[in-house]
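Trainee: Provided below for reference: sequence and predicted model.
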Amino acid sequence: MAKSLKFRNALLCEFVAKGDRNKHTLVNVFSGDIIVQEFPTKLHVGLYMEYIPQDVNVREFWLHFKLDKEIPLKAQINMPIVKPNVPVSVVIQWMEVGVDRDLTFSVEAACEGFRKTTVLSKRIYKSELPPG
């Protein structure tokens, strides 16, 4: 059976900014499902996650951004040097996602010789926004 890529601390927000001393600022983190007032809508999303290398030879993988089963966007992630079990920050600073119905937004990592790994999953649906 193929191994899985290992990730931790995957967070979806509206924007990821690079900070001082290898830190990042995450703006408006989506802590749960994403509720919108109407469809169609456009969401601004950023992604922060940590990749935990198990194999120093794996320096490249793909992220598939999925709307249900459809993959409208893929991003190739390249890392020059990795050390086993030393986290590598992976940041997608900002992107726009068009949504026209209730669905599940997910991010899946893919790499040759490894099982596909779901890194993050959020339900997006239409509802009245709660007060506050």
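Mentor: Received, thanks.
Trainee: Tell me where the protein is predicted with low confidence.
Mentor: The model of the chain has pLDDT under 70 over residues 1, 132.
Trainee: in the protein, which spans are strands?
Mentor: Per DSSP state E, the chain carries strands over the ranges 3-4, 6-13, 15-18, 24-27, 34-36, 41-52, 60-67, 70-78, 88-99, 103-110, 114-115, 117-126.
Trainee: Reformat the ones you listed as CSV; add mean neighbour count.
Mentor: The C-beta positions use only the backbone N, C-alpha and C, and glycine is treated the same way. Below are these laid out as CSV (neighbours: other CB atoms under 10 Å):
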stretch, mean neighbour count
strand 3-4, 14
strand 6-13, 16
strand 15-18, 15
strand 24-27, 14
strand 34-36, 16
strand 41-52, 18
strand 60-67, 17
strand 70-78, 12
strand 88-99, 15
strand 103-110, 19
strand 114-115, 14
strand 117-126, 16
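Trainee: give me every residue that touches residue 31.
Mentor: The contact partners of residue 31, taken as CB atoms under 8 Å, 6 or more residues apart in numbering, number zero.
Trainee: how near is it to residue 79?
Mentor: Distance from residue 31 to residue 79, counting by CB to CB, to the nearest Å: 28 Å.
Trainee: got it, and residue 91?
Mentor: Distance from residue 91 to residue 79, by CB to CB: 12 Å.
Trainee: now do residue 17
Mentor: To residue 79, residue 17 is 21 Å away according to CB to CB.
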